[in-house]
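Trainee: turn this into a model:
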Amino acid sequence: MGAIPEEPPAEGRLSYRSALVDRLRHLGEVRAGRLRLRMPRHFGFCWGVDRALAMVEEARAAYPDRPLWLLNSIIHNPRVNRDLLEAGIGFLKGPLAEEGALDRLGPEDVVIVPAFSAEVEEMRLLEQAGVTVVDTTCPWVIKPHKRTLKFIREGFTTVIHGTVGHDETRATCSLVRDAGGHYAVVHDLDEASWLGRFLAGEIAAAELRAGLHPGALSPGLDPERDLRRIGIINQTTMLASESRQVARILRGALVRRHGEEALEHCFRDFDTICNATQENQDAASAVMAAGVDLFLVVGGYDSSNTRNLARVGDDAGVPSYHIEGPHCLEAGEIVHRDRITGELVRARGWLPPGEATVGFTAGASTPDAVLEQVVERVVELAGERLVLPEAV
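Mentor: Below is the predicted model:
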């Protein structure tokens, strides 16, 4: 595999493109009456998402007379997945799945693997069915897979900073199991601390299991035996600053127990946060530093990178709301995803009165067209009108 592009190609973001958002991206800040609207430099569709959607369109053109299926959601955005369903592409798994379709696959079928990759068992099932596979797995997702296999060859257990059950982490865990290795998934700093205390010899294995999410440890993992040597990777959409802190916690625990000189033998750290995720988080932090009174983060509720963008605002002490689209906004109320509980909740008084600065960003699987609708809705609810300066 060649080098992974650090920027989307020039033709990127052609899917669901918005002239308004393109202009706001360029300007960075505009006025709309009493509102100041601020946009980060980087947000929205990443190179990997554009690549996956382009491959779907190529498959439609290449196989016009054959049944096309998505193994699961192509990306974590409900509008994009509904659009693909309406375009005649079926779903084999997930909320849009056609019942029984997975069991009826045959050589005439074309199956598209999502950008998050797939479990080894799923790929074998497709091979046995004899289908044509279009694999849109993002190269940034392949990167931790390769590092994981290296860890296993060298006798290390893989520690994944990620979310149990997330598509990407499920695929990585499947790969580890298939290769005969072991894994431990830590979702946040609290879970990393539990693992760190075990590595330092401060708690027993039973306490470690109680402190982690169910399913976080691979089947058959013996903590006393299998966590003597660990290598860290990240789900590519996690909060980068937290991933670095996870590594510091675990490294420090091993130093406390074995000393600095033992790290070469028992510890490996490898940053696998994708470049677009990092750029979006850094750009959102820059908007926070410039000063905002309200931060709106637009994206699917099952999107990990979008949830972590909302944390950027929380960490800066700014009222931050993760919303799916303009339908979440009313004059006196906002419907948003609570970052801690994951539940959809309603909040009143979300739009500040008087002069206010509103920051916006969007997850890597959020169409620019959806962000445009959110911006327009905020301006409308504020009773203002957005007039962009003439392009020069």
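
Trainee: when you work out contacts or count neighbours from here on, use the C-alpha atoms and nothing else.
Mentor: Fine.

Trainee: now do the contacts for the residue nearest to residue 234 when sequence neighbours are not counted.
Mentor: Excluding its sequence neighbours, the residue lying closest to residue 234 (C-alpha to C-alpha, 6 or more residues apart in numbering) is residue 161, at 4.7 Å. By C-alpha atoms under 8 Å, 6 or more residues apart in numbering, residue 161 lies in contact with 185-188, 232-235, 238, 243, 246.

Trainee: in helices, which of the residues you listed appear?
Mentor: Counted as lying in helices by DSSP state H, out of the contacts of residue 161, are 243, 246.

Trainee: for the contacts of residue 161, give me TSV that also has distance to residue 277 and neighbour count.
Mentor: Formatted as TSV, the contacts of residue 161 follow (distance: C-alpha to C-alpha, whole Å; neighbours: other C-alpha atoms under 10 Å):
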residue	distance to residue 277	neighbour count
185	20	28
186	19	26
187	17	22
188	17	18
232	18	28
233	15	25
234	12	29
235	11	28
238	8	26
243	12	27
246	17	26
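
Trainee: Throw the contacts of residue 161 into TSV and include pLDDT and distance to residue 25, thanks.
Mentor: Output for these, formatted as TSV (pLDDT from 0 to 100; distance: C-alpha to C-alpha, whole Å):
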residue	pLDDT	distance to residue 25
185	98	36
186	98	35
187	96	32
188	96	31
232	97	35
233	96	32
234	94	29
235	94	27
238	92	24
243	93	28
246	97	33
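
Trainee: pick the one among the contacts of residue 161 closest to residue 173.
Mentor: residue 185 (8.9 Å; C-alpha to C-alpha).

Trainee: quick one: contacts for the closest one?
Mentor: 159-164, 216-217.

Trainee: any idea how far it lies from residue 284?
Mentor: 27 Å (C-alpha to C-alpha, to the nearest Å).

Trainee: and if you look at residue 320?
Mentor: Counting by C-alpha to C-alpha, the gap from residue 320 to residue 284 is 12 Å.

Trainee: give the residues shared as contacts by the two.
Mentor: residue 313.

Trainee: does the residue nearest to residue 234 have any beta-bridge partners, and if so which?
Mentor: residue 186, residue 234 (DSSP bridges).

Trainee: so for it, what's the pLDDT?
Mentor: Note on residue 161: pLDDT of 97.

Trainee: then residue 315?
Mentor: pLDDT, residue 315: 88.

Trainee: then residue 11?
Mentor: pLDDT, residue 11: 40.

Trainee: any regions of the protein where pLDDT drops low?
Mentor: 1-15, 391-392 (pLDDT under 70).

Trainee: I figured residue 36 hits residue 360, correct?
Mentor: No. Contact criterion C-alpha atoms under 8 Å: residue 36 and residue 360 do not qualify, at 11.0 Å.

Trainee: out of those two, which sits in the more crowded spot?
Mentor: Applying other C-alpha atoms under 10 Å to residue 36 and residue 360 shows that residue 360 carries more neighbours, namely 22 against 17.

Trainee: surely residue 82 is in a helix?
Mentor: Yes. Per DSSP: H, G, I helix; E, B strand; the rest coil, residue 82 lies within a helix segment.

Trainee: ok, now which ones touch it?
Mentor: Here residue 82 is in contact with no residue (C-alpha under 8 Å, 6+ apart).

Trainee: ok, it to residue 91 distance?
Mentor: 10 Å.

Trainee: mind giving me the packing neighbours of the one helix or strand residue 241 maps to?
Mentor: Counting by DSSP states H and E, the element that carries residue 241 is helix 240-258. Secondary-structure packing of helix 240-258 (3 or more C-alpha pairs under 8 Å, 6 or more residues apart in numbering; DSSP states H and E): helix 189-199, helix 263-266, strand 267-269.

Trainee: pairing partners for the last one, with directions?
Mentor: For strand 267-269, the pairing partners within the sheet under DSSP bridges are strand 230-234 (parallel).

Trainee: dump the partner strand to CSV, keeping only the CA atoms.
Mentor: What follows is strand 230-234, C-alpha atoms only, in CSV (Å, rounded to 0.1, in the frame of the first residue of the first chain):
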residue,chain,number,x,y,z
ILE,A,230,1.3,-5.0,25.8
GLY,A,231,1.2,-3.0,22.6
ILE,A,232,-1.2,-0.1,22.2
ILE,A,233,-3.2,1.0,19.2
ASN,A,234,-6.2,3.4,18.8
